[in-house]
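Colleague: only the shape, not the letters, is given here:
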Ligand SMILES: O=C(O)CCC(=O)C(=O)O
């Protein structure tokens, strides 16, 4: 299956300038990226070893502990609410609203290069949270992340995802399990746990996979928690899992890397998806914040 963007919309993209708006992401792929693309096309996933340093991993863990013990922890910091979230799994959602430490994990250049191949220009951030699988947790129900889009399989991926290993992923500690090559399956068959393989990778590594690949959190048979971050991306024309426009406070946009703000849904996608009153959401928010500030100043003067 061809994962690239179909050419049927290129005329309108040219007419409205969308092809120019996204030109900066259309750089040629280097050899390593080409090898990774080939692996993903074949197997549905690829491991990027040591994508992040020990210091970066440590910083993320420290920050997650700080958030978990404070007011921003959220509803699942001490355990999931259902079997899918994992009753023995700790998650912290909306990480981009809680600390700038997590920005870099969502915009790793090798991951973005893969997204540039597998997703349409202007792809978005679909969800971003931490997943700490505790000892004794059961295997998660196998799933593919784009199953929320009810278009029959097989189809192009409607999204991609990464898991960042904050601990080495091992045979016993609940490493993410995948069903290799299942990204090409149709509606049947449903995979079984016996068909899965654990993604074993050192701390700081990333597993990148397509939204069509069957996978799940592994069973944690060890005595240690398995700590990770997950970032999901989706096509620009998909409604994201987490409403990023509300999940991240507007007054923080100026201190978040531009590329990431674009991915929160603030950049108009091809040909003109997501515009607000004829301008980009970023400009619309800036206008609104400016107006509110002017009104406040006026009230103070009166
Ligand atoms: O924790 C993992 O290894 C995978 C989690 C996952 O796939 C999910 O929660 O959607």
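Modeller: Thanks, I have it. No experiment lies behind these values; they were computed from the predicted model shown. Numbers count the residues shown, from 1 in each chain.

Colleague: ok, now which ones touch residue 140?
Modeller: Neighbour list for residue 140: 84, 86, 216, 217, 218 [criterion: CB atoms under 8 Å, 6 or more residues apart in numbering]. Bear in mind the C-beta positions are built from the backbone N, C-alpha and C, glycine included.

Colleague: surely the last one meets residue 138?
Modeller: No. Checked against CB atoms under 8 Å, the pair residue 218 and residue 138 is beyond contact range at 9.7 Å.

Colleague: neighbour-wise, which of the two wins?
Modeller: residue 218 (26 against 16; other CB atoms under 10 Å).

Colleague: residue contacts, that one?
Modeller: Contacts of residue 218 (CB under 8 Å, 6+ apart): 133, 139, 140, 173, 174, 175, 176, 177, 198, 226.

Colleague: closest one to the ligand out of those, please.
Modeller: The closest of those to the ligand turns out to be residue 176 (CB to the nearest ligand atom; 3.4 Å).

Colleague: how many other residues sit next to the closest one?
Modeller: Residues near residue 176, counting by other CB under 10 Å: 26.

Colleague: so for it, what's the pLDDT?
Modeller: Here the pLDDT value assigned to residue 176 is 98.

Colleague: any chance of the contacts of residue 140 in CSV, with distance to the ligand and secondary structure too?
Modeller: Below are those laid out as CSV (distance: CB to the nearest ligand atom, whole Å; DSSP: H, G, I helix; E, B strand; the rest coil):
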residue, distance to the ligand, secondary structure
84, 7, coil
86, 8, coil
216, 6, strand
217, 3, coil
218, 6, coil
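
Colleague: buried ones among those residues?
Modeller: Neighbour-count burial (16 or more other CB atoms under 10 Å) is assigned, among the contacts of residue 140, to 86, 216, 217, 218.

Colleague: my guess is the first one contacts residue 137. True?
Modeller: Just to be clear, that refers to residue 86. Yes. Under the criterion of CB under 8 Å, residue 86 makes contact with residue 137 at 5.6 Å.

Colleague: thinking again about what came up before, which of the contacts of residue 140 sits closest to residue 49?
Modeller: residue 218 (18.7 Å; CB to CB).

Colleague: quick check: residues of the protein near the ligand?
Modeller: 131, 133, 140, 163, 176, 215, 216, 217, 228 (CB under 6 Å from any ligand atom).

Colleague: try 8 Å
Modeller: Contact residues, the chain versus the ligand (CB under 8 Å from any ligand atom): 84-86, 89, 91, 131, 133, 140, 143, 145, 161, 163, 174-177, 215-218, 226, 228, 230, 232.

Colleague: which of these fall in strands?
Modeller: 89, 91, 131, 133, 161, 163, 177, 215-216, 226, 228, 230, 232 (DSSP state E).

Colleague: hey, where'd the helices end up in this structure?
Modeller: 10-16, 18-21, 31-43, 54-68, 103-106, 109-118, 244-247, 258-261, 281-301 (DSSP state H).

Colleague: now mean pLDDT and distance to residue 151 too, for the ones you listed, in TSV please.
Modeller: Formatted as TSV, these follow (pLDDT from 0 to 100; distance: least, CB to CB, whole Å):
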stretch	mean pLDDT	distance to residue 151
helix 10-16	85	22
helix 18-21	82	23
helix 31-43	98	20
helix 54-68	98	35
helix 103-106	98	26
helix 109-118	97	17
helix 244-247	97	23
helix 258-261	97	28
helix 281-301	94	26
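
Colleague: for those helices, give me a markdown table that also has mean neighbour count.
Modeller: Shown next, in a markdown table, are the helices of the chain (neighbours: other CB atoms under 10 Å):
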| stretch | mean neighbour count |
| --- | --- |
| helix 10-16 | 13 |
| helix 18-21 | 16 |
| helix 31-43 | 15 |
| helix 54-68 | 16 |
| helix 103-106 | 19 |
| helix 109-118 | 19 |
| helix 244-247 | 16 |
| helix 258-261 | 17 |
| helix 281-301 | 12 |
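
Colleague: figure out which of the ones you listed is closest to residue 79.
Modeller: Of all those, helix 54-68 comes closest under CB to CB, at 11.5 Å.

Colleague: pull the residues that contact that closest one.
Modeller: In contact with helix 54-68 (CB under 8 Å, 6+ apart) are residues 73, 77-78, 90, 92, 98-99, 101-102, 104-105, 130, 132, 166, 203-204, 227, 229.

Colleague: make it 10 Å
Modeller: Residues from elsewhere that reach helix 54-68, judged by CB atoms under 10 Å, 6 or more residues apart in numbering: 52-53, 72-74, 77-78, 90, 92, 94-95, 98-102, 104-105, 130, 132, 164-167, 203-205, 227-229.

Colleague: mind checking which of the residues you listed are buried?
Modeller: Counted by 16+ other CB under 10 Å, these give 52, 72-74, 77, 90, 92, 94-95, 98, 101-102, 105, 130, 132, 164-167, 203-205, 227-229 as buried.
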